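Asker: With the input below, show me the fold.
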Amino acid sequence: MKVRLFEIFTSVEGEGILYGTKTLFVRLAGCPFTCFYCDTKESLPLDSGKEYTIDEACKLIDFNLKNQTYKVNFTGGDPLIQPDAVAQLAKYIQTKKIPTYLESSCFDSDRFNIVLPFFDIIKIEFKTKDSEFIDLNHFDRLIDNALKCLQLSITSKKTTYIKIVVSSKTKLDEFKNLVDKIFLVIFKEDIDGFIIQPTYGIAEPSLELLLNFYDIVYPYFIDVKVVPQLHKFIGAP
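Answerer: Take a look at the predicted model:
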């Protein structure tokens with residue numbers, strides 16, 4: 001089995017409920033989607049990065065893993081493009097007793113199910129229509145898959161949190177409809193966090209708009225947080 005990696009590096013986690021933690025990032029190559037705010041466009045081509053055997057990739061992880069690393073974050077691209085390889089690498093990390101963390105758009109619940117047993121922390125990201133992630137004809141199917149991934153993660157008793165990226169283009173009624181759908185299938189006790197992440201450097205939402213998004217989630221989950229990308233402010237990769 002081979003895996004295509006774009007890069008492996010240690011940095012400070014800049015997003016989500018574990019921002020600020022020392023993290024080894026394993027960035028998978030390849031993502032066929034088209035979010036307008038993507039900040040890793042160089043890793044999107046399916047032939048980007050370099051191909052390794054699983055053994056070679058494990059050695060590369062060992063070489064880059066630093067002492068006192070809090071977790072290993074599998075990101076992309078999108079890790080679900082290579083689910084079997086990602087499952088093998090995450091399984092290897094688990095033998096080291098270091099938490100494994102999956103960062104994915106959760107576009108395919110079948111692929112998600114392949115990697116799920118080997119991850120401890122799961123970020124379920126829900127895309128908004130304005131993200132341009134996918135054409136609108138397939139948007140409902142995308143949300144259905146993300147909802148299935150969310151339920152699978154909760155059922156498997158993983159540390160699970162939700163993230164939604166918002167911009168000045170995000171419509172309040174569409175955001176509310178998405179949040180309503182989420183809490184139709186889960187209870188507030190099921191998740192460990194709900195993050196609203198504003199875009200940075202492009203179509204940035206106003207403070208007033210962010211507060212409106214916050215107010216939509218708050219009745220469902222009072223610990224909702226607006227968290228920008230920390231690493232952008234400290235100059236970390």
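Asker: Name the SS class of residue 160, please.
Answerer: Secondary structure, DSSP: H, G, I helix; E, B strand; the rest coil: residue 160 is strand.
Asker: Tell me how many other residues surround the residue nearest to it when sequence neighbours are not counted.
Answerer: Nearest non-adjacent residue to residue 160, counting by Cβ to Cβ, 6 or more residues apart in numbering: residue 153, 4.4 Å away. Bear in mind the C-beta positions are built from the backbone N, C-alpha and C, glycine included. Neighbours of residue 153 under the rule other Cβ atoms under 10 Å: 25.
Asker: May I ask you to confirm that residue 153 belongs to a helix?
Answerer: Yes: when three-state DSSP is applied, residue 153 is found to be in a helix.
Asker: Now do the most centrally placed residue in the chain against residue 214, distance only.
Answerer: Ranked by distance to the mean C-alpha position of the chain (Cα atoms, centre = their mean), the top residue is residue 103 at 2.9 Å. Per Cβ to Cβ, to the nearest Å, residue 103 is found 23 Å from residue 214.
Asker: for residue 222, same thing?
Answerer: 11 Å.
Asker: Who has more neighbours out of those two?
Answerer: Higher neighbour count among residue 222 and residue 214: residue 214, with 14 against 9, using other Cβ under 10 Å.
Asker: List the buried residues of the longest strand along the chain.
Answerer: Counting residues, the longest strand found in the chain (DSSP state E) is strand 2-12. In terms of neighbour count (16 or more other Cβ atoms under 10 Å), strand 2-12 has its buried residues at 3-8.
Asker: Mind putting the residues you listed into CSV with distance to residue 20?
Answerer: CSV is the format used below for the buried residues of strand 2-12 (distance: Cβ to Cβ, whole Å):
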residue, distance to residue 20
3, 28
4, 30
5, 25
6, 24
7, 21
8, 20
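Asker: Does the residue lying closest to residue 46 once chain neighbours are set aside fall in a helix, a strand, or a coil region?
Answerer: Leaving out its chain neighbours, the residue that sits closest to residue 46 by Cβ to Cβ, 6+ apart is residue 30, at 4.2 Å. The three-state assignment at residue 30 reads coil, by three-state DSSP.
Asker: neighbours around residue 30, how many?
Answerer: Residue 30 has 20 neighbours, counted by other Cβ under 10 Å.
Asker: so residue 11 sits right up against residue 26, yeah?
Answerer: No: using Cβ atoms under 8 Å, residue 11 makes no contact with residue 26, being 11.9 Å away.
Asker: pLDDT below threshold where in the chain?
Answerer: Within the chain, no stretch has pLDDT under 70.
Asker: quick one, helices of it?
Answerer: 54-64, 83-94, 109-115, 139-155, 172-185, 207-217, 230-234 (DSSP state H).
Asker: And the longest one, what does it pack against?
Answerer: When you say that, I think you mean helix 139-155. helix 109-115, strand 121-125, strand 159-166, helix 172-185 (3 or more Cβ pairs under 8 Å, 6 or more residues apart in numbering; DSSP states H and E).
Asker: Tell me which of these lies nearest to residue 22.
Answerer: Distance to residue 22, taken as Cβ to Cβ, is lowest for strand 121-125 among the helices and strands packed on helix 139-155, at 14.5 Å.
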